[in-house]
Every structure is written in C-alpha cells, then in structure tokens.
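> Here's my sequence, what's the structure:
(one chain, ligands or ions: 1)
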Amino acid sequence: MDKLIVEGGHTLAGPLPVSGSKNTALPLMAAALLADGVSTLSRIPDLRDVKTFANVLRISGAAVRFDEARNEMTVDASGVNYPEAPYELVKKMRASFYMLGALLGRCGRARVSLPGGCAWGPRPVDLHLKGMEAFGADIRLEHGYVVAEAKDGRLDGGVFRMDPSSVGATINLLLASATARGPSRIENAAREPDVATFGEMLRKMGASIEGLGTDTIEVEGVDALSPVHFYNASDRIELGTFMIAAAMAGEPGRAVRLTDAAPEHLGPAFVDAFTETGAGYRPGNDYVEVTAPDELQPVSIETAVYPGFPTDLQAQWTVLLTQARGNARVRDTVYYDRFKHIPELHRMGANAIVVQNEVFVAGGKPLQGATVMSTDLRAGVSLVLAGMVAEGETHVLRVYHLDRGYEDLDGKLARAGVAIRRVQYDEFANPSGNEPPEE
Ligand code: EPZ
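Below is the predicted model of the structure:
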C-alpha cells in the first residue's frame, strides 16, 4: 500500500497544472453508451475512478480504450448487449450508478447494483429511482439490485421535481430521458458545471435539452444519438484545492500560477470567501494566479449546492482556517457528517471541534507533522495540505483514496516545490521487532 511523506515548511512556488474533471469525466463516459458507435473523449484524467468506470462500461459490452499518457479515451458502444452493472464494481464507486440511466436510455432496461461509494454517511438513491418512475420506468429492488424496465422498451418521459437537488440524480435522469418517447422536465435540477458540461455533450450527440445550468431542465426525447468527440472540462475541485494550498504555502507576495484551469466554474461563493482571507486571486481565461497574504484572515463558510460553496472543498477550507489567526466555522448543509478528517487533524494539533454538521476552528497555532489516515478523497487531500504547513514530517496513509480523484498529486506538488514523496508501506508492520501482539 502507498503513503505520502510530506515535509512541512517548503514554499509552494508552482506552477501547478489542473487536470480534467473527475466528476465530469464519469458522466461523459456514461453518455457515450447512448450512441451506437465510437465516441472520443479528451482531457480524461488518469484516475482510479475513471479506470473503475471503464471496467463497468466494458461489462455492458462497450469497448473502451484509454490512453492515460494522452488523457484520451475512446468508447465503442456499438457492442452494448448486457444491460447490467455488477455489485463487485458498483460497490467501488457510487458514480457507477449512472449505468441505470445510460442502460435504460440505450436498451430500455437495466439491472444495476445499489451503490457503495465513499465511507461517510448514507448515500441514498431515492431521487434517482423516483425520477425514473416519473419518466415511465418500472423499478423493482431485487437482492441488492435495481431492476428497471421501460414499458415496451422505451421511456415515455415525464416531470420530476427533486428535493434536495442532486447532481447524480440530475445526470442519471438526463441519461434516461434524452432518448425517451416524449418530453421530460427536471425541476430543482442541479446547476453544477459538471452537469452543464455533460449536458452539452448530450446536445452535441443530438439530444434536445434546454435550461442546462439552471434549476429547470427541459428535454425533448429523440430517437437516437450520434457518437461524438468531446472535450472534458477542467477540474474545479482540484483548482479550488490548489488555490487553498497556494494561499497557505505560497511565499507571501509571490504569485503561484495554476494552469489549464476553468476559474468560471468555481462559483461566486468560493471566490468571495477566498478573497476575504486576504489571498490574492487573479483569474485568466485558462489559469488562476494566487498570492499568499502575510497573514490569512479567518473566514467562516457554509456549503451549498452550486453556485454555493462546494462541499468537496470544505475539508480543505478547514485546514486553511487552522492557519488563519482567529476563530471561524465550517458548516456542511449538503452532507451532515463529512468530518472524518477532523480526528486526523487533531493528531496534528489542530484546534477544531465538530458540533453536528459544523466544525469550529481556532486558528493560529502551528500544526505538527504526524502519521494520519486518509478516509475519503477530499479528507485525504486536506491532510496533505496540512502536512505542507506542519512542523516536521507527515505520513498520509491509504493514498489509494487520493488516487481516486487527484491525477499525479505528489508529482505535481513535488515539481512545484513541495517536499513530498510516495513510498510503499506495510499497514501491519511491527516496528519493534518484538513478538507481534496476539490477535
Ligand atoms: C456528486 O455526488 C459528486 N460525485 C460528489 O463528489 C459531491 O460531493 C456531490 O455531488 C455534491 O456536490 C460525483 O460527481 C461522482 P448528490 P452525488 O446526489 O451525485 C442527497 C467527490 O469528492 N441525495 O448531489 O452522489 C444526498 O444524500 C465526490 O468527488 C438524496 O437524498 O451527490 C446529499 O445530501 C464526493 N437522494 C445530497 O442529495 C438521492 O437519491 C447531494 O447529493 C441522491 C442524493
């Protein structure tokens, strides 16, 4: 198993390149199943989740070729003949549940395992299932699988209002409704850029969709979609992560450049909070320049669906608050228990207290390097950020969580001035050499 060893106190000089968006790449791959032919996807990041999902597509009969070095993927969906997504793969990654919408849209039926996904909290899919029923699917739950059937092989379409707004359910319902017999409307739809970019691919394939990026999306079903060549968006969460890193570990007054970026996808809530810390923010059309301030100001935030502050950046923001002089709080209104990184930050000396879905942070005390455990993707990267500014060495264990969503993170940071290296380790090593304790 791999861990990352980070030695604190080194200046992040940059530049840092931002990779293609994980949370957009996955729905783009699902969309390719809807067309009988070969689609090409560019700027697909070399991530574990992408490889896992490529295997899920292969099970259905699609031929997937991924050129990791060129971040280019082809999906030949002409051979889709097995409308199933098995538990063994779906349990590894929740986004595999997009197979429900893709297979219903392409084949008129689907048998998809209920998802697993991140370690934290219940991750329901009730909105996905109710929406499919509203669009005319018969849905049954059998032995841990969702069995879905469109009457006489094609969905009718319909109207569905979701509460709360759900990124995944919006994507799944667009996958299912694009080739439905009649019109569909999704109310209180997700407005995330991931959804809008994915919807643009469907439109390029021939789908008739209006309202992407708003909370009401109208779809006119079409008979068939055509394969396309489509460019993935830049990863807005990786961009936000790197901005926070630069605000904390950059040399005060010296700009750090983040390249291949899409600053327009950050949303106003994050940008406003970021500039309130005193960090310099200068966006270009495909880059962002961040300048660390002499002293970070504490800024409280509350997450919300887009264009609110992204929940996927709340753990990283908490680490920034440990470096600001003063008290502030982070409240997550999207997930109520996404705080598994806090006990690990305590090991590094952070003053942070979780009360229900809020964490209160008293900043200004230096963190100490320690051995800490990644529990999920964003918690893991927040520990790397903490290690960058801690005194001494931090060993971040179970780096496979990070490899799910950050392409070559240690390589990028090392090339930008951070003292970070990846080493193998044995979780059950017995450093003492004495007789191991009885099980
Ligand atoms: C997507 O997950 C992202 N994953 C998550 O990023 C992100 O945290 C989340 O959106 C919110 O922005 C991908 O895009 C692959 P939701 P998703 O459905 O679609 C509730 C990362 O780190 N809900 O928008 O699963 C749910 O409990 C990952 O990259 C229902 O109640 O999120 C939550 O409270 C982690 N019923 C809220 O909606 C449902 O049927 C938002 O969830 C579905 C969701």
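
> only C-alpha atoms for contact and neighbour calcs from this point on.
Will do.

> Quick one: distance of the worst-scoring helix or strand of the chain on mean pLDDT to the chain centre.
Counting by mean pLDDT, DSSP states H and E, the weakest-scoring helix or strand in the chain turns out to be helix 87-90, with a mean of 90. Its chain's C-alpha centre and that of helix 87-90 lie 19 Å apart, by C-alpha atoms, centre = their mean, to the nearest Å.

> Repeat that for stretch 128-145.
Put simply, stretch 128-145 sits 25 Å off its chain's centre (C-alpha atoms, centre = their mean).

> Quick one: mean pLDDT for that stretch?
Across stretch 128-145, the average pLDDT comes to 95.

> tell me which parts of the stretch 201-350 of the chain are close to the ligand?
For the stretch 201-350 of the chain, the residues in contact with the ligand (C-alpha under 6 Å from any ligand atom) are 311-312, 334-335.

> Which helix or strand lies directly C-terminal to the host helix or strand of V6?
Using DSSP states H and E, V6 maps to strand 2-7. Of the helices and strands lying after strand 2-7 in sequence (DSSP H and E), the nearest is strand 16-17.

> For that next one, name the packing helices and strands.
strand 255-259, helix 409-415 (3 or more C-alpha pairs under 8 Å, 6 or more residues apart in numbering; DSSP states H and E).

> What lies in contact with that strand?
242, 256-261, 412-413, 416 (C-alpha atoms under 8 Å, 6 or more residues apart in numbering).

> any low-confidence regions in the stretch 1-150 of the chain?
Where the stretch 1-150 of the chain drops to pLDDT under 70, the residues are 116-122.

> Residue numbers of it in contact with the ligand?
Within the stretch 1-150 of the chain, the positions near the ligand by C-alpha under 6 Å from any ligand atom are 23, 95, 123-128.

> all strands for the stretch 251-400 of the chain, in order.
Secondary structure of the stretch 251-400 of the chain (DSSP state E, counting those that start in this stretch): strands at 255-259, 280-283, 287-291, 301-302, 327-331, 351-355, 358-362, 371-373, 393-397.

> what lines up beside the third one in the sheet?
According to DSSP bridges, strand 287-291 has the following sheet partners: strand 255-259 (antiparallel), strand 280-283 (antiparallel).

> cool, the last one as well?
Strand 393-397 has the following strand partners under DSSP bridges: strand 2-7 (antiparallel), strand 371-373 (parallel).

> now do the shortest one
Using DSSP bridges, the neighbouring strands of strand 301-302 in the sheet come out as strand 327-331 (parallel).

> For the closest residue to A134 other than its chain neighbours, give its distance to F135.
With sequence-adjacent residues excluded and distances taken as C-alpha to C-alpha, 6 or more residues apart in numbering, A134 is closest to G158, at 5.7 Å. Distance, G158 to F135, by C-alpha to C-alpha, to the nearest Å: 5 Å.

> before we move on, what about I59?
26 Å.

> Next, I420: phi, psi?
Phi and psi for I420, reported as degrees, to the nearest 10, are phi -140, psi 140.

> a strand runs through A54, doesn't it?
No. Counting by DSSP: H, G, I helix; E, B strand; the rest coil, A54 is located in no strand; its state is helix.

> quick one on the thing from earlier: what touches both of G158 and F135?
Each of S184 lies in contact with both G158 and F135 under the rule C-alpha under 8 Å, 6+ apart.

> and these two? which has more neighbours close in?
Between G158 and F135, counted using other C-alpha atoms under 10 Å, F135 has the larger neighbour count: 25 against 20.

> and A390, which of the strands paired with strand 287-291 is closest to it?
Of all the strands paired with strand 287-291, strand 255-259 sits nearest to A390, with 19.8 Å by C-alpha to C-alpha.

> Next, report how far that closest one is displaced from the centre of its chain.
Its chain's C-alpha centre and that of strand 255-259 lie 22 Å apart, by C-alpha atoms, centre = their mean.

> repeat for stretch 375-390
When C-alpha coordinates are averaged (C-alpha atoms, centre = their mean), stretch 375-390 and its chain have centres 15 Å apart.

> cool, stretch 171-179 as well?
Centre to centre, stretch against its chain (C-alpha atoms, centre = their mean), the figure for stretch 171-179 is 20 Å.

> Please apply the same query to stretch 374-394.
When C-alpha coordinates are averaged (C-alpha atoms, centre = their mean), stretch 374-394 and its chain have centres 18 Å apart.

> now swap in stretch 145-154 and tell me
Relative to its parent chain, stretch 145-154 has a centroid offset of 29 Å by C-alpha atoms, centre = their mean.

> what pairs with Q368 across the strands?
Beta-bridge partners of Q368, as defined by DSSP bridges: E391.

> what's the neighbour count on it?
Q368: 20 surrounding residues under other C-alpha under 10 Å.

> which ones are touching it?
Q368 sits in contact with 348-349, 390-392, where contact means C-alpha under 8 Å, 6+ apart.

> re the thing from before, my guess is the residue nearest to A134 meets G136, correct?
Yes. Using C-alpha atoms under 8 Å, G158 is in contact with G136, at 7.2 Å.

> on that earlier part again, turn the residues of the stretch 1-150 of the chain next to the ligand into CSV, including neighbour count, secondary structure and distance to V112.
Putting these into CSV (neighbours: other C-alpha atoms under 10 Å; DSSP: H, G, I helix; E, B strand; the rest coil; distance: C-alpha to C-alpha, whole Å) gives the following:
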residue, neighbour count, secondary structure, distance to V112
N23, 23, helix, 20
A95, 21, helix, 12
R123, 13, coil, 16
P124, 11, coil, 15
V125, 15, coil, 12
D126, 11, helix, 14
L127, 21, helix, 15
H128, 22, helix, 12
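
> Do me a favour and get the end-to-end distance for stretch 219-238?
End-to-end span of stretch 219-238 (C-alpha to C-alpha): 31 Å.
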